[in-house]
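# what's the 3D shape of this:
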Amino acid sequence: MTGLIAKKVGMTQVFDENGNLIPVTVIRVEPNVVVSLKKAETAGYDAVVLGLGGIAPSKVSKPYGGQFAEGVEPRRELKEFRGFDREVSVGDQVGIEIFDSVRFLDVTAISKGKGFQGVMKRWGFHGGRATHGSKFHREPGSTGQCTTPGHSMKNTKMPGRMGRNRVTVQNLRIQKIDPELQVVMVRGSVPGKKNCTLIVKAAVKKEN
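Predicted coordinates for the structure are as follows:
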């Protein structure tokens, strides 16, 4: 599977060939370093481990640094890609060029955290009337039973922590690739805040 580790730059707008204004997300795809290769004979499956981003030697522990081959500097971000469709060796760099023949992408990231939220924002509850005299505005309402078992059931929608989950957005169309700036512009939005780490792969549900 074709994929790389990338960074989210932000959103902007571009015009297509028909003059239509298209909202796009700019993704910076710097060269990824092949950290290690996993073979079916030893690991039970074939995979390529890619790394991105430098890290100070003083912050590299011996167990963490032991997974990097001689001559390969430790990387902050590591990701394993199974079924990598390119022949690579440890120490090689893989860049934006692998998306030249790809039209759609799947992007995975950690979504923005929104803190502790009520049921109206977290689950889309409508709430009660906002008129004078109403005693039910933004409360969740009854969550349990007055008889046995007498407690709230599992999976009841209630207030709680919202966001900061692993989210994958599928089938994002590549609007433009700029090899000089090392950026890919995809149509629409992707999860995560600015400068967050993204896992960008060729779409699995679309013909590329």
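# residue furthest from the geometric center of this protein?
In the chain, counting by C-alpha atoms, centre = their mean, residue 133 sits farthest out from the average C-alpha position, at 45.7 Å.
# Confirm that that residue lies within a helix, as I assumed.
No - Residue 133 is assigned coil when assessed by DSSP: H, G, I helix; E, B strand; the rest coil, not a helix.
# so where's the protein uncertain?
Filtered on pLDDT under 70, the chain yields the residue ranges 208.
# What is the neighbour count of residue 109?
Residues lying near residue 109 (other C-beta atoms under 10 Å) number 22. For every residue, glycine as well, the C-beta is placed using N, CA and C.
# Which residue, neighbours along the chain excluded, lies closest to it?
Nearest residue to residue 109, sequence neighbours excluded (C-beta to C-beta, 6 or more residues apart in numbering): residue 192, at 3.6 Å.
# does that neighbour sit in a helix or strand, and which one?
Using DSSP states H and E, no element contains residue 192; it sits outside every helix and strand.
# Report the contact partners of it.
8, 109, 110, 111, 112, 167, 198 (C-beta atoms under 8 Å, 6 or more residues apart in numbering).
# Please verify my assumption that residue 159 contacts residue 140.
Yes - the pair residue 159 / residue 140 is scored as a contact, 6.7 Å apart, by C-beta atoms under 8 Å.
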